[in-house]
Each structure stands twice: as C-alpha cells, then as structure tokens.
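1. Turn this into a model:
(chains A and B)
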Amino acid sequence: MTGPSPAAVSGSSRTVSPFAPADVLAPRIGAAIEAAFGAEYAGVDPLLRPSQFADLQANVALSLAKKVGAKPRDVAEKIVAALDVSDLASSVEISGPGFINLTLSPGWLSGAATSMAGDERLGVPRQERQIVPIDYSAPNVAKEMHAGHLRTTVVGDSLARTLEHLGHQVIRQNHIGDWGTPFGMLIEHLLDVGETSDEATLLEVDPNSFYQHAREKFDSDPAFADRARGRVVKLQAGDAPTLAVWNRLVGLSKVYFNRIYSALDVTLTDGDLAGESMYNDQLQAVCDELEDRGIAVISDGALCVFLPGYTGREGKPVPLIVRKSDGGYGYGTTDLATVKYRVQQLHANRILYVIGSPQSLHLNMVWDTARAAGWLPDDVEVVHVQIGNVLGSDRKMLRTRSGNPLRLMGLVDEANTVARKVIDEARPDLDEAIRAEIAPQIGVGAIKYADLSVAHDTEYVLDLERMVSLTGNTGPYLQYAAARIHSIFRNAGMAPDAATAPIVVAEAAERDLVLALLQFGSTVALVGDALEPHRLAGYLFELAQAFSSFYEKCPVLKADDAAVRDSRLALSALTLRVLTQGLELLGIRSPERM
RNA sequence: GCGCCCAUAGCUCAGCUGGAUAGAGCAGCGGACUUCUAAUCCGCCGGUCGCAGGUUCGAAUCCUGCUGGGCGCGCCA
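-> Numbering: from 1, shown residues only, chains lettered A, B, ... in the order given. Sure thing, here's the model as predicted:
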C-alpha cells in the first residue's frame, strides 16, 4: 500500500443558507428530537433528503430507532409530536417504516422567496475567511495547451470564483512549466531565429510548432544539441544574457496563455503566474534541510526521501527524488518549495491542487515529506482536486508528447463557429455586431459547461460534438433561460431590478421554481466544501428546467391579474439573478439576447 | 508484482455522502409555435446499477472476493 496520509481535514464549515428549506428545518427537527429523547441526542443529523412524496423527508427516525430502543414508527411519532413547524409546513406525515414527510406551505415558500429576492447574496452564506491558494491550469512555456489543460483551467477557475464568493481569500497560483532541460534547446532556437522573427512569433500563436522545430534541430544537429546542453548549464548558473533570452521566451508564451485565457474568459492574469522558476533559489535550501535532518538520504547518487508505506515494483521502496545524481533538481523539489511557500509566505489555511489524477502518488509523497519536515502543519488542509484523464477517440489517454492535433484554441474556434452558425439561423433579426459579440459567449459557455457539468475526477472521451452541442443539458440551455427572462423585461419596458413585488406561490410550476431557487445558497456552500463545481452545474440545469416549465405554463406579462403579474415578474427577476450569479461562478457569461 | 481509480439506459453522464418505485441529456417515437424567444415545452420507449457473497430495518452507495478496463510505481514534468 502506498501511504496516502489522511489530509488534515480542517472540516471547512458547511455553513447554512437562510432560505434553504433543509437548513431551516434541520434545527427544528433537532429540537424536536432533543425534546423527545433528551439532550444526548441534541446533535444528531435529521437526515433531511428530497422526497418523491413530499418536499423533504427526514429519515432520522429509522437511524435513531435502535439507539433509543424503539420501533422506527414510534420514534417518528414522538418526533412529530414534539415538532413545531406550523409556520413552515402545510403537512407533516409519517409514512412507510418511519419516514417523516414534510410539505412546505405556500405561505412560507412565498415569504422565503420574497426574502431571498431582498437579499444581496441570494442566500449564499459568507463563510469564515480562509486563505486558499489554488494551483491550476499550469501550462508549459512553448507548448500548446490541449484539452487536458482546459479541464484544470476551467474547474480551477470555477473553484476560485466560488470560494471567493463564499468569502475566502483565494490566491491563484498558475504553476507554469517555465524551467528545466528543454529550455536550453528553446533558448538556442530563439537565438538562432531572432526574437523578432516570424518563427519567434509562433510562440504566441502556435507554440508547438516552435517547440517541434527546436526539437528537430536538437535531434538532427549534434552541434545544436551541444549548444543546447551548454545553454541549460548557463541558465541554471544564472548567466545574465541567457536569463534575458529566457525571459523573452517566457514573455512570448505569456502572450499565448493570455490569448487563451481571454478567449476562455478565465480570471488568470500575469499576476497569478507562479511558475517553477520562482522557486529556484529555494531548492538548495530545501535539499540541505532535508538532508541535514536525516529525512533525505543519498541513494544511487541521488538525494531521496523514502517514506514508510510507499513501495513499488518488487516491494522496493519508492523514493521522492529531491536532487538528481547530476546535481539537478526535479519537480519534486519544486513542489516541496511550493508547499513551504504557500504555508509560510501565503499563510494558507487550505491548499488546492487542481491537477491530473495520475499525480496523486507524487503529491501524497510531497505532502508527507513536507509534514515530516514540519513545513505542512496539521491545521493546513491540502486537497488534490483530481482532474480525470482526457481520452482520445481510441480511449487512450491524450498525452502532451503525442502531439495531439486538437489544440485548445482550435476547440474554442470550432465551438464559436458552431455558435455563430446557430445564432445566425435562429436570430437573423439581431444586428451583425450583436451576433458577433454573443456567439463566443455561447460557444465558450458550451465548452466550459461540458467540462464543469461532469465530476472533475472522472476520465472522459473527448467528444467535440458533445462539447459544442447547444441543446439539452448544456451551457447554452442555461444561457437561453436567462436570455428569455431578459426578453420578458425588455417587453415589459422595465429593469429586472425594479421587479420587487412580493412573490406569491400559487401554481405548481411556480412552486417548483421557488423550491429550486431556495436551494441556491446551500448548493454554492456545498460546492465550496466538496470542491465539486458539477453540483452547481447540475443545480442550475434543474433551475433552468423549472423556469422553462414555468415559462410555458405561467404567462408573466399576460397574467390576468396585476398582483400575479407582479409576483411572476419578481419571480422571473429572482431566477435571472440566480442564473446569472450561478453561471458567473462557473465562469460562464449570460448574454442578454440569444 | 504492489498501489490508486473506475464499471449505472443504445451513447454521454447524474444519483445530495445508507433511504421508499435508480434519474437527466442525446439518440428513437408521438404531440405543442396567429399566444412573453420552439436553442423550448409535454408525453412514450429504454436499466439484473460488471459478477458473487457480506454488513442492516434498508445497499448503485459501505466491506470482501472475482472479472474487465485506466493510471501510477528512481533520476521527464
């Protein structure tokens, strides 16, 4: 067994939302349990779950039965007898073996929805502030970004947005690959072609070509290869002219990264760059400290950390190599330095690594080493937000090495082209300029949603058609729902903000919509807690479905009654705010027309 | 060999941390635009939750074994 050490779980407080029915009901049921069975049962989870027979069901009676030595049904009776929810529920029923079915009253739903509409935060709790460095995206200098980078970038960005919204101080850490052996070759190639040449410009638009040209020269021209190797030595020695060229190389790549981030509408900026090179001056100290304290030992000429519980082939211990036998440092050393930096300099409470799942073993070894060295205290939570492998159509893992033809920029372009085609067909009435502005919001929304709507740790086959699809459970479906609401207000000649009438729940479709709306705050809190943006995506899809259904069944502007019309306007406005806010947390735009 | 992860409808995936009759989307079939945007809505069809045991009031979910697949396991990152 490898020794994946239990991360010091700081138990990030799963805060409650003031409008979510389950959050409101839980303490009531808790009080009833306490009243019925005594203070020792004060803290038990009422096990509130959505129900097919009511709005919610509490399953606690079944789990409590054997503890209190009574039949589940009788336990439920006692809880219900002590339960006071007359202001919330229109019906409390015990059914089956002891389920407590709760149906919320229209009056409470109306009041909760109206209150939510008056809340700036839409019921999203503000949590106790934590400092949370998030390591994500991490492209390589002079390398094309591919579909694998898309996922870490999009998921990491959504987590950053969500945690910030919950009140945390997020520190984005774009750990770009800007150091290492290939840089000798890249620098020499850049020197050969000239920094202002067309070839150099490839770094901004088609970095793989630049890389491959350098690689070809390296493989075919021994003299070039020698120069490249010599250049690595100079680079690592801190030779000033070499560093100047290296800087230029990184600068050209930054242009490329920023083009992608801008196209993808990702929040990463140059200020978030925290590449491998940033830790150069700390690597020796990391090694020295580990060696001096006996945590690392020399093995086959390399400085290694051997941790208990990590064995590989033939039962041999697996090392974390912190200094290669040639004296160079690998990524293990850099990763240790990042842990130190994030704990000691950034004062992190919780550190997220949004990186590929194959790195799991490596990360655990880094963390265990950091713990052994005292660099990672128990009260700092480290989490590997595992990004599942992206597979090609052959179901094989896409690798950077294989020179996969599907460039990320190509994927974006393709999606935007499809979006443009669809909008041209569907909305010829819109101005050319408006369609040109909206199409990329839809195309990129489709791509991002495709990645955000599935669990981040599952591997998946890259399916272009699915990613750029605009119907069904897709980003554009959510955007469309929001756009229809904007349209209602355009027709009404009023701003959504002006729709502040009380919300009154009457029709079933209104009820379903309100019920969905009230879950927003607790859903966002859950995403921050579990670090799973796909739950927010799933929630928003359900909300959009509830709205679409409401839209079909409940005329807003043509409602017979003025109060009903005003209520529905307020309900539509609230839905719009939740959809827009939710999409923003996913990093997806909400066009006003589409 | 050791370790980690995965297996749910024809396809792509959910399944709120153990709850009642397992849900969506796509595909297929049938309906709904002189009515706030049909990128939509309503309905139908479709599953032995890989297999076998176990735990318990109750299992897609937890445990064990098996089958099948992915990934990782010393000087690339």
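2. Setting aside sequence neighbours, what's the nearest residue to A:S95?
-> A:N101 (5.6 Å; C-beta to C-beta, 6 or more residues apart in numbering). Quick note: C-beta positions are derived from backbone N, CA and C, even for glycine.
3. Am I right that A:A559 is in contact with A:R568?
-> Yes - using C-beta atoms under 8 Å, A:A559 makes contact with A:R568 at a distance of 5.9 Å.
4. Would you mind telling me which of these two has the busier surroundings?
-> Each of A:A559 and A:R568 has its neighbours counted (other C-beta atoms under 10 Å); A:R568 has more, 28 against 15.
5. Run through the neighbouring helices and strands of the strand or helix carrying the more buried one.
-> A:R568 is part of helix A:562-586 when elements are defined by DSSP states H and E. Contacts defined by 3 or more C-beta pairs under 8 Å, 6 or more residues apart in numbering; DSSP states H and E place helix A:562-586 against helix A:106-117, helix A:147-165, helix A:432-452, helix A:475-492, helix A:508-517, helix A:520-530, helix A:533-553.
6. residue contacts, the residue of the stretch 201-350 of chain A at minimum distance from RNA strand B?
-> Nearest residue of the stretch 201-350 of chain A to RNA strand B: A:G312, at 2.2 Å (C-beta to the nearest atom of the strand). The contact partners of A:G312, by C-beta atoms under 8 Å, 6 or more residues apart in numbering, come to A:V318.
7. Next: A:A26.
-> A:V16, A:D45, A:P46, A:L48.
8. In those residues, which residue is surrounded by the most others?
-> A:P46 (24 neighbours).
9. Surely it is in a strand?
-> No - read with DSSP: H, G, I helix; E, B strand; the rest coil, A:P46 is coil and lies in no strand.
10. The residue in chain A sticking out farthest from the centre: what secondary structure?
-> Most distant from the centre of chain A: A:A223, at 46.3 Å, with distances by C-alpha atoms, centre = their mean. Following three-state DSSP, we place A:A223 in the helix state.
11. what residue ranges in chain A are flagged as low confidence?
-> Filtered on pLDDT under 70, chain A yields the residue ranges A:1-14, A:393-405.
12. What residue spans form the domains of it?
-> A:21-104, A:132-172+A:277-391, A:182-272, A:408-586 (automatic domain parsing).
13. Mind putting those into a markdown table with distance to A:R593?
-> As requested, the domains of chain A are exported to a markdown table (distance: least, C-beta to C-beta, whole Å):
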| stretch | distance to A:R593 |
| --- | --- |
| domain A:21-104 | 34 |
| domain A:132-172+A:277-391 | 24 |
| domain A:182-272 | 18 |
| domain A:408-586 | 6 |
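14. Run through the helices of the stretch 1-150 of chain A in chain order.
-> A:21-37, A:60-68, A:72-82, A:106-117, A:147-165 (DSSP state H, counting those that start in this stretch).
15. which of the ones you listed is buried the deepest?
-> The highest average neighbour count among these, using mean count of other C-beta atoms under 10 Å, belongs to helix A:147-165 at a mean of 24.
16. Give the next helix or strand downstream of that helix.
-> strand A:169-173.
17. who in the stretch 251-400 of chain A is up against RNA strand B?
-> A:276, A:299-302, A:304, A:311-316, A:318-319, A:321, A:324-326, A:328, A:330-331, A:334, A:357-362, A:389, A:395-397 (C-beta under 7 Å from any atom of the strand).
18. again, 6 Å this time
-> A:276, A:299-302, A:304, A:311-313, A:316, A:318-319, A:321, A:324-325, A:330-331, A:358, A:360-362, A:389, A:396-397 (C-beta under 6 Å from any atom of the strand).
19. before we move on, the earlier item: TSV please, covering the contacts of A:A26 and showing distance to RNA strand B.
-> Listed next are these as TSV, based on distance: C-beta to the nearest atom of the strand, whole Å:
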residue	distance to RNA strand B
A:V16	13
A:D45	8
A:P46	10
A:L48	8
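20. of these, closest to A:S137?
-> Within those, proximity to A:S137 (C-beta to C-beta) peaks at A:V16, which comes in at 32.4 Å.
21. Might you report the residue contacts of the nearest residue to that closest one once chain neighbours are set aside?
-> The shortest distance from A:V16 to any non-neighbouring residue, by C-beta to C-beta, 6+ apart, is to A:D23 (3.9 Å). Contacts for A:D23 (C-beta under 8 Å, 6+ apart) come out as A:V16, A:S17, A:G521, A:S522.
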